[in-house]
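Chemist: any chance you can model this:
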Amino acid sequence: QVQLVESGGGSVQAGGSLRLSCVASRLPYGACMGWFRQSPGKEREAVAPIDGYGNTNSADSVKGRFTISKDAAQNTLYLQLNSLKPEDSAMYYCAARLSSRCSAVSGDFPYWGQGTQVTVS
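Modeler: Numbers count the residues shown, from 1 in each chain. Here you go, the predicted model:
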């Protein structure tokens, strides 16, 4: 069974930075992974997926501020969050699917981490 464990969330002031990490277990090499976020009362939205070839496609709301990267050897996914805004406050989730082809639809991902909270004031 694939397991995903996130870390790195916290509370920061607007303009600050955070780095989220997601360690994957039992995930095939090259599988698609991604970051999603969800605020209270809102639907879960894709932040940035990364496919098995390293291609990414960040949401327009975070382009230029958030960077997704992956250490394939360590099977670890990262999300660098810079220039944070209050509207970035949300629970951030790491997700994975076995295919190397990616998607920005949360329903296409069968594996999810427990989430890590990001709060920007």
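Chemist: use CA for all of it now, contacts and neighbours both
Modeler: Will do.
Chemist: any low-confidence regions in the chain?
Modeler: Residues of the chain meeting the criterion pLDDT under 70: none.
Chemist: what residue is smack in the middle of it?
Modeler: Trp35 (1.9 Å; C-alpha atoms, centre = their mean).
Chemist: tell me which element that residue is part of?
Modeler: strand 32-38 (DSSP states H and E).
Chemist: please identify the buried residues of stretch 69-76?
Modeler: Using 16 or more other C-alpha atoms under 10 Å as the test for burial, stretch 69-76 gives Ser69, Lys70, Asn75, Thr76.
Chemist: for the strand holding Trp35, buried residues please.
Modeler: Residues of strand 32-38 classed as buried: Cys32, Met33, Gly34, Trp35, Phe36, Arg37, Gln38 (neighbour count, 16+ other C-alpha under 10 Å).
Chemist: contacts for it?
Modeler: If you take C-alpha atoms under 8 Å, 6 or more residues apart in numbering as the criterion, strand 32-38 is touched by 44-52, 77, 79, 90-102, 106.
Chemist: within the sheet, what are the partner strands of it, with directions?
Modeler: Next to strand 32-38 in the sheet, as set by DSSP bridges, lie strand 45-50 (antiparallel), strand 90-97 (antiparallel).
Chemist: what is the burial count for Val62?
Modeler: As a burial measure, Val62 scores 17 neighbours (other C-alpha atoms under 10 Å).
Chemist: isn't it up against Glu45?
Modeler: No. Counting by C-alpha atoms under 8 Å, Val62 does not reach Glu45; the two are 11.6 Å apart.
Chemist: ok, back up a step: closest to Leu84 out of the buried residues of strand 32-38?
Modeler: Closest approach to Leu84 among the buried residues of strand 32-38 (C-alpha to C-alpha): Arg37, at 13.9 Å.
Chemist: ok, what's across the strand from that closest one?
Modeler: According to DSSP bridges, the partner residues bridging Arg37 are Glu45, Tyr92.
Chemist: so what's Gly115 up against?
Modeler: Residues near Gly115 by C-alpha under 8 Å, 6+ apart: Val5, Glu6, Met91, Tyr92, Tyr93, Cys94.
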